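Enquirer: The following block contains a protein sequence and its predicted model.
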Amino acid sequence: MKNLNADLLRQSSYINGQWHANPGQEFEITNPANGAVICEVADAGAEDAKLAVDAAAAALPAWRAKTAKQRSSVLRRWYELIMQNQEDLAVLLTTEQGKPLVEARGEIAYGANYVEWFAEEAKRIYGDTIPGASSNSRIIVIKQGVGIVSAITPWNFPNAMLARKAAPALAAGCTFIVKAAAETPLSALALAELAEQAGIPAGVFNVVVGKSSSDIGKVLTQDPRIAKFSFTGSTQVGRLLLKQCASTVKKTSMELGGNAPFIVFDDADLDAAVQGAIASKFRNAGQTCVCTNRIYAQSGIYTEFANKLNDALQTLSIGNGQDDGVSIGPMINEEAVKSVQALIDDAVQQGAQVRESKQAMPDGACYMRPMVVTGVDSAMKLAQEEIFGPVAPMIEFTSEEQVIELANDTEVGLASYVYTRDIGRVWRVAEALEYGMVGINEGIISNEMAPFGGVKQSGNGREGSKYGLEDYLEIKYLCMGGIDK
Ligand code: NAP
């Protein structure tokens, strides 16, 4: 790893303002670019998770009693420290996760933007006054933080997925416990170090890292002291965790998997659509929840679009994310490569064709050649399942009605994309798509000012924007009587 501020390389859980070593119980964190061991991290379990809940419970009264401006100032300081350490955090992120350094820098800024945004929104938690039901009463609505919040985050955005949960929770006056993915705990622990430097009090922000995700997850979804659980990860695990939350009727936010359609009509600006497809499909080697999963191209431009997309792919260089000029890094692990390859093999067996590609490939078991696959049918697994790899399946369609039906024919509904220059069609298609987000002539849609989230089995709740704060607030109705003389 390039030289970095040693304070940021933390190797144990952060609970109640303390680093929790667990001698003799460590696990290795490896670099997917070359398999090298980066370091060992103390393996926390259910008991440590319970300690974190104790700490969050003890810290709650004082944290929620602070003024909004006090909480805002601490969050602002955290934001500034994250940005001051952007380069080191990016190096750490690339080393444990694999994405190119340029993308890692982007993720650090993207995550920090949520902290800055919610530092500002903390001061705008407004209530309402409502005309009373009688002259003797008044109706007042106040909003209060829900209480203790627990969260579980994935490996694909180990910094930003955490930041966009912790920041609104802390802004709302909640205390927070997160279990980071075991593949990529270092980014979460570095954020804890900076939280401490920013003056976030002990117990307000806790990070638990360990291999036994199921045991830790049970504590975080079932402890009755926890008011809300926020998850980002696969739909399959999300379903299980939702069930666990039901035992104590927790509020939940579920940011789950997607199967994003990318629709290109005959009248689209094809070059812009190619750029949008490259950005939305191949970022993070295709391992994002909003990644284009299936490209629908209309018959008139199908072949031209496939050719242009394949040409554009040849300009991407594949390699270790730490190296200059690399735009596609390794996938997270060998199993991920194998499962994506199985989807391609299945499609090819059924008649799909992999477009020829000539990029130089580095050594290493986690690298996968980015590719365009044509002749794909909507019924193939390659179009039905979330690929999570650098593969762009292309499906031909003829009419607007047909493509809307195909695009909606899935259990999930996170991101979708449409390219056309017909303004009427923009509205018709955007309104008909059963998705939480629609990129219109745009392949990159997520930022802190917009509500991010899905419908159907992509989950519930929104992250970012004013709606993102609502997810961490309870509405309380005060009925004021005794007004008449
Ligand atoms: P995953 O397997 O569901 O894991 C996500 C997190 O859940 C990890 O921290 C994992 O811990 C933990 N986990 C797994 N099984 C668990 C259990 N039984 N109990 C408690 N925790 C458990 O998903 P992933 O492969 O890391 O991430 C990719 C998925 O996340 C994709 O489906 C992607 O679409 C989705 N995602 C969604 C969004 C969104 O905003 N909608 C954003 C990013 C990613 P360990 O890894 O330590 O086992």
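Expert: Received the coordinates, thanks.
Enquirer: Please name the residues that touch residue 484.
Expert: 135-136 (CB atoms under 8 Å, 6 or more residues apart in numbering). C-beta here means a position set from N, CA and C on the backbone, and glycine is covered the same way.
Enquirer: which stretches of the stretch 351-485 of the chain have low pLDDT?
Expert: For the stretch 351-485 of the chain, applying pLDDT under 70 flags no range at all.
Enquirer: Please, where are all the helices along it?
Expert: 381-384, 400-408, 423-432, 465-470 (DSSP state H, counting those that start in this stretch).
Enquirer: Which one, of those helices, ends up nearest to residue 477?
Expert: Across these, residue 477 has its closest neighbour in helix 465-470 (15.9 Å, CB to CB).
Enquirer: quick one: what helix or strand has the residue positioned nearest the centre of the chain in it?
Expert: The centre of the chain sits closest to residue 161, judged by CA atoms, centre = their mean, with a distance of 4.4 Å. Per DSSP states H and E: residue 161 is located in helix 160-171.
Enquirer: mind showing which ranges of this protein have poor pLDDT?
Expert: 1-2.
Enquirer: would you turn the helices of the stretch 351-485 of the chain into CSV with distance to residue 274?
Expert: Shown next, in CSV, are the helices of the stretch 351-485 of the chain (distance: least, CB to CB, whole Å):
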stretch, distance to residue 274
helix 381-384, 20
helix 400-408, 18
helix 423-432, 19
helix 465-470, 29
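Enquirer: Can you lay out the ones you listed as JSON lines showing mean neighbour count?
Expert: As requested, those are arranged in JSON lines below (neighbours: other CB atoms under 10 Å):
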{"stretch": "helix 381-384", "mean neighbour count": "21"}
{"stretch": "helix 400-408", "mean neighbour count": "18"}
{"stretch": "helix 423-432", "mean neighbour count": "13"}
{"stretch": "helix 465-470", "mean neighbour count": "19"}
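Enquirer: Can you check which of these gets nearest to residue 452?
Expert: Using CB to CB, the helices of the stretch 351-485 of the chain put helix 465-470 closest to residue 452, at 7.7 Å.
Enquirer: how far is the closest one from where the chain is centred?
Expert: Distance, stretch centre to chain centre, for helix 465-470: 16 Å (CA atoms, centre = their mean, to the nearest Å).
Enquirer: Mind listing residues that contact it?
Expert: 114, 118, 121, 124-125, 164, 168, 171-172, 448-452, 462.
Enquirer: Now for the residues you listed, which sits with the most neighbours around it?
Expert: residue 168 (32 neighbours; other CB atoms under 10 Å).
Enquirer: before we move on, back to that, in terms of secondary structure, what does the helix holding residue 161 contact?
Expert: helix 68-84, helix 101-121, strand 148-152, strand 175-179, helix 186-198, strand 226-232, helix 465-470 (3 or more CB pairs under 8 Å, 6 or more residues apart in numbering; DSSP states H and E).
Enquirer: per-domain residue ranges of this structure.
Expert: Domain ranges of the chain: 6-256+458-477, 260-447, per automatic domain parsing.
Enquirer: Let's have the ones you listed in CSV, adding distance to the ligand.
Expert: Formatted as CSV, those follow (distance: least, CB to the nearest ligand atom, whole Å):
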stretch, distance to the ligand
domain 6-256+458-477, 2
domain 260-447, 3
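Enquirer: Make TSV out of those and add distance to residue 485.
Expert: Below are the domains of the chain laid out as TSV (distance: least, CB to CB, whole Å):
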stretch	distance to residue 485
domain 6-256+458-477	10
domain 260-447	52
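Enquirer: picking up where we left off before, out of the helices and strands packed on helix 160-171, which is the most enclosed?
Expert: strand 175-179 (a mean of 28; mean count of other CB atoms under 10 Å).
Enquirer: Mind listing residues that contact that one?
Expert: 49, 52-53, 55-57, 59-60, 63, 147-153, 162, 165-166, 169-170, 188, 203-210, 213, 216-217, 220, 226.
Enquirer: Could you give me the ChimeraX syntax to select whichever of those residues are buried?
Expert: Remark: buried members of the contacts of strand 175-179, expressed as a ChimeraX selection using 16 or more other CB atoms under 10 Å:
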select :49,52,53,55,56,57,59,60,63,147,148,149,150,151,152,153,162,165,166,169,170,188,203,204,205,206,207,208,209,210,213,216,217,220,226
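Enquirer: circling back to that earlier point, list the residues that contact the residue nearest to the centre of the chain.
Expert: Here residue 161 is in contact with 153-154, 232, 255 (CB under 8 Å, 6+ apart).
Enquirer: one more time with 6 Å, if that's ok
Expert: 153, 232 (CB atoms under 6 Å, 6 or more residues apart in numbering).
Enquirer: again with residue 50
Expert: residue 219.
Enquirer: Sticking with it, tell me its helix or strand.
Expert: Judged by DSSP H and E, residue 50 forms part of helix 46-65.
Enquirer: Now do that helix: distance to the chain's middle.
Expert: Mean-position distance between helix 46-65 and its chain equals 25 Å (CA atoms, centre = their mean).
Enquirer: so it versus strand 175-179, what angle?
Expert: Computed by axes from the mean of the first three to the mean of the last three CA atoms, to 10 degrees, the angle separating helix 46-65 from strand 175-179 equals 150 degrees.
Enquirer: was I right about residue 389 contacting residue 286?
Expert: Yes - assessed by CB atoms under 6 Å, residue 389 is found in contact with residue 286 at 4.6 Å.
Enquirer: Buried residues in stretch 266-281, which are they?
Expert: Applying 16+ other CB under 10 Å to stretch 266-281 flags 268, 270, 273-278, 280-281 as buried.
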